[in-house]
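Colleague: Generate coordinates for the sequence data below:
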Amino acid sequence: MRRIVFVLGILVGACDVALDPNPQGAPAPVIAADSAGRGIDRASFAAVTATVEPVAERECRARLRSGNCDFLVRIDGNPKAPPNAFQSLDRNGRPVITFTQAMLRQIANRDELAFVMSHEVAHHIRGHIARQRENAVAGAVLLGGLATLAGGTAADVANAQDIGATVGARGYSKEFELEADELGTLITHKAGYRPSVGVKFFYRLPDPGDRFLGSHPSNPDRIKVVQATIRQNGLN
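Modeller: Residues are numbered from 1 along each chain as shown. Next comes the predicted model:
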């Protein structure tokens, strides 16, 4: 069991849903624009957060019977952190949404920021951290058990647990991303922003393709989910 817990710590920390060791971080800096003139400054970040967070909290409380819905939205104080936005939990179980400064330099407008923020909020509402851990544990137990039945050594069993946890954790990660895209589209709209504009962020995002055990679906698949949600709900 200690082995499985150790592997889970590595896996969860590598995904865009993670346990955040430092949810407070540093004060939000002013974000410089990128070479194409894109970028979200501190005032815009604060304005979008002030609009999206209350909507996200209401949506969270409406959908969850229990759990913490008091979102903390923050900017990573490390200026060298690579482009990323992720949902995490602090040590008290409070949901935290973190944007790196490099990520904010790639976002073109407030609609895109609201969409990405709503997507990360949706990860918490849909319970993806807990579901990811459950899948990882199941995979580790399954392959570790098979290695034991096959007469494997302790090292063989440990390696099988590693592989099982990886397959288990990543097996449904693409599904989680699409679920977050769908719910994030609705939250973006309810917050007064345009998901039809926000989704254009995917047109510039490097496409991960449809790789085996990849953590994210292809950009065209994500765009289809967002556009279908917009049509089905009469959004803009």
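Colleague: Pull up the gap between M117 and K80, please.
Modeller: 22 Å (CB to CB, to the nearest Å). (Glycine included, C-beta is placed from N, CA and C.)
Colleague: doesn't L186 make contact with I230?
Modeller: No. Counting by CB atoms under 8 Å, I230 does not reach L186; the two are 9.5 Å apart.
Colleague: any idea where the strands of this structure begin and end?
Modeller: 17-19, 72-75, 85-89, 95-99 (DSSP state E).
Colleague: out of those, which comes closest to F45?
Modeller: F45 lies closest to strand 72-75 among these, at 6.7 Å (CB to CB).
Colleague: May I have that closest one exported as CSV, CA atoms only?
Modeller: Extracted C-alpha coordinates of strand 72-75, given in CSV (Å, rounded to 0.1, in the frame of the first residue of the first chain):
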residue,chain,number,x,y,z
LEU,A,72,-9.0,30.2,-4.5
VAL,A,73,-7.8,31.5,-7.8
ARG,A,74,-4.1,32.5,-7.9
ILE,A,75,-1.1,33.3,-10.1
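Colleague: and that strand, which strands flank it?
Modeller: strand 95-99 (parallel) (DSSP bridges).
Colleague: Now do the contacts for L205.
Modeller: The contact partners of L205, by CB atoms under 8 Å, 6 or more residues apart in numbering, come to N219.
Colleague: Could you measure from it over to A85?
Modeller: L205 is 11 Å from A85, where distance means CB to CB.
Colleague: So, low pLDDT: which residues of this protein?
Modeller: Along the chain, segments meeting pLDDT under 70 span 1-37, 128-172, 208-216.
Colleague: where do the helices sit along it?
Modeller: 2-14, 42-63, 101-106, 110-125, 128-149, 154-171, 173-190, 195-198, 201-204, 219-233 (DSSP state H).
Colleague: the more surrounded of M117 and K80?
Modeller: M117 (30 against 8; other CB atoms under 10 Å).
Colleague: leaving aside the residues next to it on the chain, what's closest to that one?
Modeller: With sequence-adjacent residues excluded and distances taken as CB to CB, 6 or more residues apart in numbering, M117 is closest to V52, at 5.1 Å.
Colleague: mind listing what the one you found touches?
Modeller: Listed by CB under 8 Å, 6+ apart, the contact partners of V52 are 73, 114, 117-118, 121, 187-188, 191, 193.
Colleague: Recalculate using a threshold of 6 Å.
Modeller: Contacts for V52 (CB atoms under 6 Å, 6 or more residues apart in numbering) come out as 114, 117, 191.
Colleague: From N68, how far off is E57?
Modeller: From E57 to N68 the distance is 10 Å (CB to CB).
Colleague: oh, I was asking about K190
Modeller: To N68, K190 is 20 Å away according to CB to CB.
Colleague: Ok, D76 next?
Modeller: Between D76 and N68 the distance is 21 Å, computed by CB to CB.
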